[in-house]
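K.L.:
let's see this in three dimensions:
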Amino acid sequence: MTRTSAPAVALSASGGAALSRGINATWWYTVSAILLFELILVMVWFSALGEAGVDAWAVLAVGLGALVWCASTLALMVDYRHRTEGAPVASWRRVVAPLAIAAAYGVVVWIASGSWAIALLPLVQSVVLLNWPAGVRLRVVLAATLLLAGLWVIDARLGFGRVGVITAEPSWWLIGFYTVFLPGMTVFSLWWWDVLIALDRARASEAKLAATQERLRLATDVHDLQGHHLQVIALQLELAERLMSRDPAASLQHLQTARASVDEARQGTRDLAMRFRSVPLRDELANAVDLLRAAGTDADVTVDEDADRAPADVIGPVIRETTTNVLRHGGGGWARLSLTRDASSWRYAISNDASDAAPQQDGAGLAGLGRRAADAGGTLDVRRGDGEFTVTMTVPAGGAR
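P.N.:
Coordinates of the predicted model:
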C-alpha cells in the first residue's frame, strides 16, 4: 500500500502533471550539477592561487568574478531549456551578455594566473551551453576538450605562468582534470536532460495516439451498434406498414419488435458511453485530491497497490459524489481519502473537517450512494462527530468493475 500526497498522485491529466513535476525536478538537478562542477573548479583555482602567493586582491577578483560567471551560465542553461529543435544555435540578444561576461572573466583569471587553459575555460564552458545540434555539439565538445588539453600542456611546460605551480604538487593534476573535462561533463549532463525530454515527448505522442485510437474504436462501435438496430427498426416498420391493413395483429407485433430494438439501441449506447467515460480509480482519486487542493483544502490520499482491481463502476461515482459533498458542505480545512483492500472487500473512505454551519450531509445524494452500494452487495456508512465527517463504502472484492 502506498501513501501519497496530492502532488505525487498521477492523473490522466495528472499523469502529465506528475511527470511534468518530475521533469522540473530533473531539470533543476541538472542545473545544480553543472553549477556544482563550475564552483568546485573555481574553488580549486582559488585554493591554488592562494597557495601560490598570488596577490590577495587578484584572488578576491577571481572569486567574485566566478559568482558573476556562474550566474551567466545559469542564464544560458535557462535559455537552453526552452530551445526548440529548429531554433538557431543562439538568440544573440540573450546570449551576448553571458558570453561577454565569460570572456571578461577569462581575462581576469589570466591576469591573476597567467594560465591559458584556465583563462579560456569560462568562454568554452559558455559556448558548449548553446543550442548546438546533437552531432555538432559532440564535435564542439571534442574540439574544446582537445584545445584545453593542449593549452594545459603548454601551461605545464611554461610553469603555469605567474602562479608557478610546481608539477610535483598533487593539486596540479586535479586542476588540469577539471579544467579539461568540465565541458564534457556539462554536455553529458545536458544529454541526460535531452533524453528525458525525448521520453516525455514520446509519452505525450503515445497518449495522443491512444486517445485517437480509443475515439476511433468508439466511433466504430457506435456505428456498428446504431447501424444494426436502425436497420432492424426500418425493416420492422416497413413490415408493419405493409401488414397494417391486412393483418393488424402481425403489424402490431412488428411495431413492438421495432420498439424493443429502440430500447436495445438506447441501452447499448448508454453502455458504450459509460465504458468510454470509465476512469481508473487511481486517476479518480488523484482528480479528487487535486480538485480539493485547488479549492484550498489540505488533501491527501492513500491508495492500495492493487487499486486497479477494484470495481471502478461502483466506487468511481462514489468518489465523485463525496468529493462534491466535501466541497459544498465541508469546513474547507482538510480532507483524507483512502482506498484499501482486505481479504474479501474493498473499502473507500473520505473524511473531512465538518463545518458547524453546514447542513447534515445525509440527504438524497448519500441515500443514492447507499443504494448504489447495496446494489453492489456492499454497505455505506456515514458518521459525523467531533468536528469530523466520514463516509465509508465497502463493496465485495469480486464486484463488477
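
K.L.:
can we go C-alpha only for contacts and neighbour counts from here?
P.N.:
Fine.

K.L.:
ok, residues contacting whichever strand or helix holds residue 154?
P.N.:
Per DSSP states H and E: residue 154 is located in helix 134-157. The contact list for helix 134-157, computed with Cα atoms under 8 Å, 6 or more residues apart in numbering, reads 115-117, 120-121, 124, 128, 161, 167, 176, 179-181, 183-184, 187.

K.L.:
show me these that map onto helices.
P.N.:
Under the assignment DSSP state H, these contribute 116-117, 120-121, 124, 128, 176, 179-181, 183-184, 187 to helices.

K.L.:
so where is the stretch 101-250 of the chain shaky, pLDDT-wise?
P.N.:
Low-confidence segments of the stretch 101-250 of the chain, defined by pLDDT under 70: 159-172, 207, 211, 214.

K.L.:
flag every buried residue along the helix or strand harbouring residue 71.
P.N.:
Residue 71 is part of helix 56-81 when elements are defined by DSSP H and E. Using 16 or more other Cα atoms under 10 Å as the test for burial, helix 56-81 gives 58-59, 62-63, 65-66, 69-70, 72-77, 79-80.

K.L.:
likewise stretch 287-296?
P.N.:
For stretch 287-296, the neighbour count (16+ other Cα under 10 Å) marks 287-293 as buried.

K.L.:
what is the longest strand along the chain packed up against?
P.N.:
If you go by DSSP state E, the chain has its longest strand at strand 330-341. The contact analysis (3 or more Cα pairs under 8 Å, 6 or more residues apart in numbering; DSSP states H and E) places strand 330-341 against strand 298-303, strand 345-354.

K.L.:
rewinding a little: need the max-distance pair from the ones in helices among the contacts of helix 134-157.
P.N.:
With Cα to Cα as the measure, no two of the ones in helices among the contacts of helix 134-157 lie farther apart than 116 and 187, at 22.0 Å.

K.L.:
higher neighbour count, the two?
P.N.:
With neighbours defined as other Cα atoms under 10 Å, residue 116 and residue 187 compare such that residue 116 has more, 21 against 18.

K.L.:
quick revisit: show me which of the ones in helices among the contacts of helix 134-157 are buried.
P.N.:
By 16+ other Cα under 10 Å, the ones in helices among the contacts of helix 134-157 give 116-117, 120-121, 124, 128, 176, 179-181, 183-184, 187 as buried.

K.L.:
turn these into CSV, columns for distance to residue 351.
P.N.:
Listed next are these as CSV, based on distance: Cα to Cα, whole Å:
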residue, distance to residue 351
116, 67
117, 64
120, 62
121, 59
124, 58
128, 54
176, 61
179, 58
180, 59
181, 56
183, 54
184, 53
187, 50
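
K.L.:
can you pull the phi and psi angles for residue 376?
P.N.:
Per-residue torsions, residue 376: phi -90, psi 0 (degrees, to the nearest 10).
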